[in-house]
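Undergrad: sequence and predicted structure, then a few things I'm wondering about:
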Amino acid sequence: MISLIVNGERHKVDADPDMPLLWVLRDHLGLDGTKYGCGEGVCGACTILVDGEAMRSCTLPVGELAGRAITTIQGLDSAIGKALFAAWAEVDVPQCGYCQPGQILSAAALLRHTPKPSDTDIDTAMDGNLCRCGTYARIRAAIHLAAGRLATGPLGGGK
Amino acid sequence: MNKHFAPSGLSRRSFLVLSAGTGIGLTLAAGDISAAEPGSFTANAFVAIGTDGKVTVTVKHLEMGQGVATGLPVLVAEELEVDPAAIRVKFAPADAKLYNNLFWGPSQGTGGSTATANSWEQLRKAGAAAREMLIEAAARRLKVDRATLTARNGEIVHGPSGRRLSYGALVADAAKLAPPADPPLKAVADFRLIGTSGIRRGDSKTKNDGTALYGGDIRLPGMVTAVVARPPVFGATLKTLDRTAALRVAGVVAVVPISSGVAVVGDDFWAAQQGRAALKLDWTLPAERPSSETIRADFAHLLDQPGMIARHDGDGAAALSQGVKRLSAVYEVPYLAHAPMEPLSCVVRLSKARCEIWAGSQLQTLDQALAAKAAGLKPEQVEINTLYAGGSFGRRANPTSDYIVEGVEVAKAVGAPVRLIWTREDDIAGGYYRPLFVHGFDAALDAAGAPLAWHHRIVGQSILAGGPFAAMIKDGIDVTSVEGAANLPYAIHHLQVELHSPKLPVPVLWWRSVGSSHTAFATECFLDELAQAGGKDPLELRRALLAGHPRHLGVLELAVAKAGWGNPLPAGTGRGLAVHECFNSVVAQVAEVTIGPKGEIKVDRVVCAVDCGVAVTPDVIRAQMEGGIAFGLSAALLGEITLKDGAAVQSNFHDYRCLRMSEMPRVEVHIVPSTAAPTGVGEPGVPPIAPAVCNAIFAVTGKRIRRLPIGNTVPS
């Protein structure tokens, strides 16, 4: 049994330690907001946060994650997360929507380290998240919007 | 019962068990698609109103990102006089009669950028009919002349007295009335919602927070997961199967041969995937195993031979000798995979007399018919629950319903509900590609440098041949091979377009913008070559040759004005232009491209103008143009499936490269005001970007790009 902390809750999972976290989240914990896109860590659809850092759950063996704090899209409730959800909706970012949970988690990790990212910062942080619908310009706009709100709003202070 | 299928074997997992009325993902409510709320008023196949006044709109099209779940309810809301944000959306059950695509029929399906266009009257009439019935019910209730009543914001208002009745209070009475045959529709000038910019996507929230449901997200009690080992080469057949090692993998519950290959079934995806890797398979390879290189060479030979005539104006090719200057060129495009972010998936539950399917189904009634055949049932015994699709770009609309039929075959073999998943590798290697095409041009200019004769030969596989859509082939010409070329809008007196449709064992399919995905590249680049050869500005030549095409001129003028065509640019930066009509919409794009010291290509900015008739939801249209440009640019710069010995060389996003954030240009979209009926927007944004970028590269470097993909640097 592997003990996992996902979205603040403890879970005991009976899984092959080599099984990628993605499939534990989806098939064992029913957390289907985390999406499968490539299985080799190059498209970003499966992005989750491990101790606040964006990682690709499709290539992370679950056996290596005991005791680490895992956040999926369905548990992203930080101030940054709330600002990103609001901005994503306001800019109407999604089209098919399949990549957006991963995009939002990559953006959350970006804003945690870089509260006021430049376009170049955004390109660098988000280049691992593919969107075949081509919502990139709106993602960029939504990240700037969320960053601005976090800096000046009631939740501000850049945290 | 096999222990692996027992519910106890699954209880260790936390399931989202689907049941009637489970409405995860706001609009889906899968499982209760036909259940009407007690006391509700079902005005017609598209509009229902509850006793609480809540309006439900049934959407017959697949929401795959193009925004139908947002735009189509607006058509109803406009006539019904309700707030579109308060509308609940349901996806229609498969029904060729009720939910026919009026541009195709009788069949239900989404494609060819038809969703808004074919629904334009149908959904406004559906909303208007409901409104008229509510007004009639109010007139009887209040005993007043119906002419004194108006519908507004979910209420019927009696003008003289100011009395108001909510829709919810009227539904019981309205339900007893006969629907009007031909309810009056608003004039375009009276629209309050259509064309306004404040309408937001209804599916943003659940798509962002991960609760929207796609095919792979459905969980049923006792469900198993299947992946399929398919032939390694197109046309190969299974010779021997050794399932011993696969069955030894923990969690693998069955290995079953199906018509497309060998399915490995597991408790979860990981088990199935591991099991598939452990299969020992031997295949009989076909004699014909084509490679892209030989296909291109064979197609180039065909350019020297007369093809089937798709268009012949004036003296056609015979007039080439009358010019004072001759020009010829060959343009080439590769096979392309659609590669939607969500690889194909579906869930199937089969019993003796019923088959339930959950999927991002794009051709619902074809999927239903083919699923019925595979299940040994009648089509009416197959229930299609359409979910969101994580993209499609044409892939889900295929003539064999491949992934649906696989799901049914596995469900039949294992006797349990099945979730069938394609991996990304399956998707990239699996065929149904945009076909490889070679275009040959020969043209003549007159003494003034204007095009006099245009001879265009097209070589590429037919998408329509041999399948259920073959009836669309006219006089041997597959329209999807020549669209955008055979209807070239330019006033060139002598014009001839020919087609060769060689047969190859490579499955091909429509890919967002279909024929225009390559004909626009070839024709708009070659026209630029003619402009240069004739000493004319590319814009001036287009203006001169498009005098009879006001919509083309409209987008052209708008795009060049907004782009500042002719204004100076920094050294190393140039502009390119393209204009193209497809799916009855016309789009012009101006690309600004900077070439770095080592030939690095950076597309900085794209200005796009579109004429798509009435712009129902302008922000959705802008999004489709932005997305179309990204999709087309991805293919122009990076996209290529290379065949070697009958199989794709590429396997996943590391070698089937797609556009990323840092490669995305700034995009500005301008919509031409129009009162004409709406036309397509899902596809028309794609075709102009490749030629606009190539023409811009020429403007900077003097080098013509005649083969896609270009790559990240200008080819030497």
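TA: Perfect, thanks for sending it.

Undergrad: would you pull up the residue in the stretch 201-350 of chain B closest to chain A?
TA: Across the stretch 201-350 of chain B, the shortest distance to chain A (C-beta to the nearest C-beta) belongs to residue B:210, at 2.0 Å. Glycine gets a C-beta too; all of them are placed from N, C-alpha and C.

Undergrad: residues contacting that residue?
TA: Contacts for residue B:210 (C-beta atoms under 8 Å, 6 or more residues apart in numbering or on different chains) come out as A:31-35, A:72-74, A:101.

Undergrad: excluding chain neighbours, give the residue nearest to the spatially most central residue of chain A in space.
TA: Using C-alpha atoms, centre = their mean, the residue of chain A that lies closest to the mean C-alpha position is residue A:105, 1.9 Å off. What sits nearest to residue A:105 in space, not counting adjacent residues and going by C-beta to C-beta, 6 or more residues apart in numbering or on different chains, is residue A:47, at 4.5 Å.

Undergrad: domain boundaries for chain A, per the record?
TA: A:2-75, A:79-156 (automatic domain parsing).

Undergrad: ok so, going back, give me the buried positions along the host helix or strand of the residue nearest to the centre of chain A.
TA: Per DSSP states H and E, residue A:105 falls inside helix A:100-113. Buried positions in helix A:100-113, judged by neighbour count with 16 or more other C-beta atoms under 10 Å in any protein chain shown: A:100-112.

Undergrad: what residue ranges in the chain score low on pLDDT?
TA: You didn't say which chain, so I picked chain A. Within chain A, the ranges that satisfy pLDDT under 70 run A:154-159.

Undergrad: correction: the question concerned chain B.
TA: B:1-37.

Undergrad: max-length helix in it?
TA: Ranked by residue count, the top helix of chain B under DSSP state H comes out as helix B:115-142.

Undergrad: try chain A
TA: For chain A, the helix with the greatest residue count under DSSP H is helix A:136-152.

Undergrad: so of the contacts of residue B:210, which ones are in helices?
TA: Under the assignment DSSP H, the contacts of residue B:210 contribute residue A:101 to helices.

Undergrad: for the contacts of residue B:210, give me JSON lines that also has distance to residue B:222.
TA: Formatted as JSON lines, these follow (distance: C-beta to C-beta, whole Å):
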{"residue": "A:31", "distance to residue B:222": "20"}
{"residue": "A:32", "distance to residue B:222": "18"}
{"residue": "A:33", "distance to residue B:222": "23"}
{"residue": "A:34", "distance to residue B:222": "23"}
{"residue": "A:35", "distance to residue B:222": "24"}
{"residue": "A:72", "distance to residue B:222": "25"}
{"residue": "A:73", "distance to residue B:222": "27"}
{"residue": "A:74", "distance to residue B:222": "24"}
{"residue": "A:101", "distance to residue B:222": "27"}
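
Undergrad: ok, of the contacts of residue B:210, which one's closest to residue B:635?
TA: Nearest to residue B:635, judged by C-beta to C-beta, of the contacts of residue B:210 is residue A:35 at 23.1 Å.

Undergrad: the closest one: what's it in contact with?
TA: Listed by C-beta under 8 Å, 6+ apart, the contact set of residue A:35 reads A:45-46, A:98-99, A:101-102, B:210, B:214, B:341-342, B:390.

Undergrad: re earlier: pick out the most distant pair among the contacts of residue B:210.
TA: The farthest-apart pair in the contacts of residue B:210, when distances are taken by C-beta to C-beta, is A:35 and A:74, at 11.8 Å.

Undergrad: what's the local residue count around residue B:372?
TA: Residues lying near residue B:372 (other C-beta atoms under 10 Å in any protein chain shown) number 17.

Undergrad: and it, its phi and psi?
TA: phi -60, psi -40 (degrees, to the nearest 10).

Undergrad: I'd say it and residue B:355 touch.
TA: Yes. Counting by C-beta atoms under 8 Å, residue B:372 touches residue B:355, with 7.1 Å between them.

Undergrad: give me the common contacts of those two.
TA: Shared contacts of residue B:372 and residue B:355 (C-beta under 8 Å, 6+ apart): B:381-382.

Undergrad: chain neighbours aside, what residue packs nearest to the residue in the stretch 301-450 of chain B that chain A sits nearest to?
TA: Of all residues in the stretch 301-450 of chain B, residue B:390 sits closest to chain A, at 3.0 Å by C-beta to the nearest C-beta. Closest residue to residue B:390 apart from its sequence neighbours, by C-beta to C-beta, 6+ apart: residue B:342 at 2.4 Å.

Undergrad: you'd agree the one you found is up against residue A:130?
TA: No. Checked against C-beta under 8 Å, the pair residue B:342 and residue A:130 is beyond contact range at 11.8 Å.

Undergrad: intersection of neighbour lists for the two?
TA: Residues touching both residue B:342 and residue A:130 (C-beta under 8 Å, 6+ apart) are residue A:37.

Undergrad: partner strands of the helix or strand residue B:356 falls within, with direction?
TA: Here residue B:356 sits within strand B:354-359, counting by DSSP H and E. The strands that strand B:354-359 pairs with in its sheet are strand B:345-351 (antiparallel), strand B:382-386 (parallel) (by DSSP bridges).

Undergrad: off-centre distance for the first one?
TA: The one in question is strand B:345-351. 24 Å (C-alpha atoms, centre = their mean, to the nearest Å).

Undergrad: could you list the buried residues of that strand?
TA: Using 16+ other C-beta under 10 Å as the test for burial, strand B:345-351 gives B:345-350.

Undergrad: which one of those residues is nearest to residue B:61?
TA: Checking the buried residues of strand B:345-351 one by one against residue B:61 (C-beta to C-beta), the nearest turns out to be residue B:346, at 18.1 Å.
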